[in-house]
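1. Sequence and predicted structure below; questions after.
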Amino acid sequence: MDFKMALVVLAASVPFFIFTVWALVDVFMKDFGSTGRKVLWALIAGFPFLGAVIYLLFGFRKGRKPENA
């Protein structure tokens with residue numbers, strides 16, 4: 001793989017990485033009612049890209065931000 005192709009692959013993967021990190025941060029900032037549910041959503045969101053999409057579609061609205069934050 002030449003340098004130009006490596007740069008393209010790197011540039012294409014950065015948004016997927018950022019999306020996954022955002023999903024994980026969002027999980028850790030919300031309350032899902034129990035620790036088990038929070039861990040489950042963190043494991044799902046931790047899968048690169050696909051897990052973040054699943055979290056966005058199904059888990060994003062299940063969690064609530066703590067009232068004191």
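-> Received it, and whenever you're ready, just let me know what you need.
2. how close does L50 sit to F16?
-> Plainly put, L50 is 10 Å away from F16 if you go by Cβ to Cβ, to the nearest Å. All C-beta spots, glycine's among them, are computed from the backbone N, C-alpha and C.
3. now swap in M1 and tell me
-> 19 Å.
4. and if you look at L10?
-> 11 Å.
5. cool, G33 as well?
-> The value you get for G33 to F16, if Cβ to Cβ is used, is 29 Å.
6. repeat for R64
-> Applying Cβ to Cβ to R64 and F16 gives a distance of 27 Å.
7. likewise W22?
-> In terms of Cβ to Cβ, W22 sits 11 Å off from F16.
8. Which pLDDT does the model give the closest residue to P66 other than its chain neighbours?
-> Distances taken as Cβ to Cβ, 6 or more residues apart in numbering put D31 closest to P66, at 5.7 Å, once the chain neighbours are dropped. We note a pLDDT of 92 for D31 in this prediction.
9. Torsion angles phi and psi at D31?
-> Torsion angles at D31 (phi, psi; degrees, to the nearest 10) stand at phi -110, psi 130.
10. Now for the residue nearest the centre of the chain: which residues touch it?
-> Centroid check for the chain by Cα atoms, centre = their mean gives A23 as the closest residue, at 2.4 Å. By Cβ atoms under 8 Å, 6 or more residues apart in numbering, A23 lies in contact with A45, G51, A52, Y55, L56.
11. What's the ChimeraX line that selects buried ones from those residues?
-> To isolate the buried ones among those in ChimeraX, judged by 16 or more other Cβ atoms under 10 Å, type:
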select :45,51,52,55
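12. For the host helix or strand of A45, which helices and strands make contact with it?
-> Using DSSP states H and E, the element containing A45 is helix 35-46. Counting contacts by 3 or more Cβ pairs under 8 Å, 6 or more residues apart in numbering; DSSP states H and E, helix 35-46 is packed against helix 3-29, helix 50-54.
13. Nothing else from me, thank you.
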